[in-house]
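Asks: structure for the following, please:
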Amino acid sequence: MDSQQSRVLVQLRDMILKGEFGPGERLAEIPLAEKLEASRTPVRLALASLEHEGLIEQSPSGGYQMRRFTSQEVADAIRVRGVIEGFAARLLAEDGASRQLLRDLKECLEDGDRAVNKPSMEIDDYAAYVEMNDRFHKLIIEGCGNLALKRVMDMLGGQPFAAPSAMLPMQSSMEEGQQWMRQAHRTHHAMVQAIERGQGSRAQALGEEHVEIARMNLDYALERPELAAELMPGIKLVAKGRGGA
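Replies: Below you'll find the predicted structure:
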């Protein structure tokens with residue numbers, strides 16, 4: 001994949017996840033090429049890649065259109081992420097994490113502690129937690145050294161609201177938000193402890209349990225669509241239930 005095609009793919013995926021296209025909206029090559037200041041060929045190839053990822057679908061009239069996701073699809077993707085991250089943590093525990101990786105993980109723990117362990121979190125604290133959270137999960141995945149696992153995680157990260165920090169904006173709006181973040185961060189601490197002690201089964205179980213807060217955030221968002229649309233515009237792509245829209 002050349003650099004222009006890679007750039008177009010990243011930009012289009014970002015636009016989709018930010019909710020710039022509504023469900024059923026046609027994704028025409030020429031307008032997209034003009035908007036992205038690219039030629040039609042990389043746009044065409046990027047659209048084919050996004051269909052393969054499951055983010056868009058073929059239009060009955062030809063070309064592609066934005067698809068709608070069900071809440072069950074998003075919840076399933078979050079759950080699978082927990083399985084993947086739990087397995088990565090298990091590999092680290094059983095194979096042994098490097099000293100540098102453990103130092104980096106503990107630095108994340110310290111940064112998270114500073115953000116959540118105060119009487120009231122400000123917007124900068126939430127932003128700091130999101131940055132730390134992304135870094136923590138990336139360290140776990142990349143640190144385990146399993147390339148196949150990393151590819152699966154990259155694919156999941158491109159699905160709506162399946163990435164580690166995708167649902168965190170909702171927590172800044174709820175009364176229980178800081179409490180949920182503290183609970184999630186306690187799990188971060190427990191995961192690092194399990195990795196350091198070589199407790200593979202415990203590390204895996206913690207990784208799988210850790211995503212339950214993200215699934216709770218999803219339920220909270222779907223119960224408050226107007227608020228969710230302000231904080232996470234891409235939520236309009238998600239319909240409640242198991243079936244299609």
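Asks: and the most centrally placed residue in the chain, how close does it get to residue 137?
Replies: Against the mean C-alpha coordinate of the chain, by C-alpha atoms, centre = their mean, the closest residue is residue 163 at 0.7 Å. For residue 163, the distance to residue 137 (C-beta to C-beta, to the nearest Å) stands at 9 Å. In short, each C-beta sits where N, CA and C put it, glycine included.
Asks: how far does stretch 203-222 stretch from start to finish?
Replies: 30 Å (C-alpha to C-alpha, to the nearest Å).
Asks: for the record, mean pLDDT for it?
Replies: The average pLDDT within stretch 203-222 is 92.
Asks: centre of the chain to that stretch, how far?
Replies: 12 Å (C-alpha atoms, centre = their mean, to the nearest Å).
Asks: over to stretch 155-162?
Replies: The answer for stretch 155-162 is 5 Å, by C-alpha atoms, centre = their mean.
Asks: stretch 143-154 too?
Replies: With C-alpha atoms, centre = their mean, you get 15 Å for stretch 143-154.
Asks: lowest-confidence helix or strand of this structure?
Replies: helix 168-171 (a mean of 78; mean pLDDT, DSSP states H and E).
Asks: let me know the helix or strand that residue 174 is in.
Replies: Using DSSP states H and E, residue 174 falls within no helix or strand.
Asks: quick one: the residue lying closest to it once chain neighbours are set aside from residue 226, how far?
Replies: Among residues not flanking residue 174 along the chain, residue 220 sits closest, at 6.4 Å (C-beta to C-beta, 6 or more residues apart in numbering). Going from residue 220 to residue 226 by C-beta to C-beta gives 13 Å.
Asks: settle it for me: which of those two has more neighbours?
Replies: residue 220 (19 against 6; other C-beta atoms under 10 Å).
Asks: and the more buried one, that's in a helix?
Replies: Yes: counting by DSSP: H, G, I helix; E, B strand; the rest coil, residue 220 is found in a helix.
Asks: re the thing from before, isn't the residue nearest to the centre of the chain up against residue 157?
Replies: Yes: with contacts counted by C-beta atoms under 8 Å, residue 163 reaches residue 157, the gap being 4.5 Å.
Asks: with adjacent residues omitted, what lies nearest to the residue lying farthest from the centre of the chain?
Replies: In the chain, counting by C-alpha atoms, centre = their mean, residue 61 sits farthest out from the average C-alpha position, at 31.7 Å. Closest residue in space to residue 61, ignoring its immediate chain neighbours: residue 26 at 7.5 Å, by C-beta to C-beta, 6+ apart.
Asks: tell me what the one you found is bridged to.
Replies: Here residue 26 sits in beta bridges with residue 65, going by DSSP bridges.
Asks: tell me the contacts of residue 189?
Replies: Neighbouring residues of residue 189 by C-beta atoms under 8 Å, 6 or more residues apart in numbering: residue 109.
Asks: now the helix or strand harbouring it: buried residues?
Replies: In this structure, residue 189 sits in helix 177-197 according to DSSP H and E. Residues of helix 177-197 classed as buried by neighbour count (16 or more other C-beta atoms under 10 Å): 177-178, 180-181, 184-185, 187-188, 190-192, 194-196.
Asks: re earlier: helices or strands up against the least confident helix or strand of the chain?
Replies: Under the contact definition 3 or more C-beta pairs under 8 Å, 6 or more residues apart in numbering; DSSP states H and E, helix 168-171 sits against helix 123-143, helix 177-197, helix 212-223, helix 225-231.
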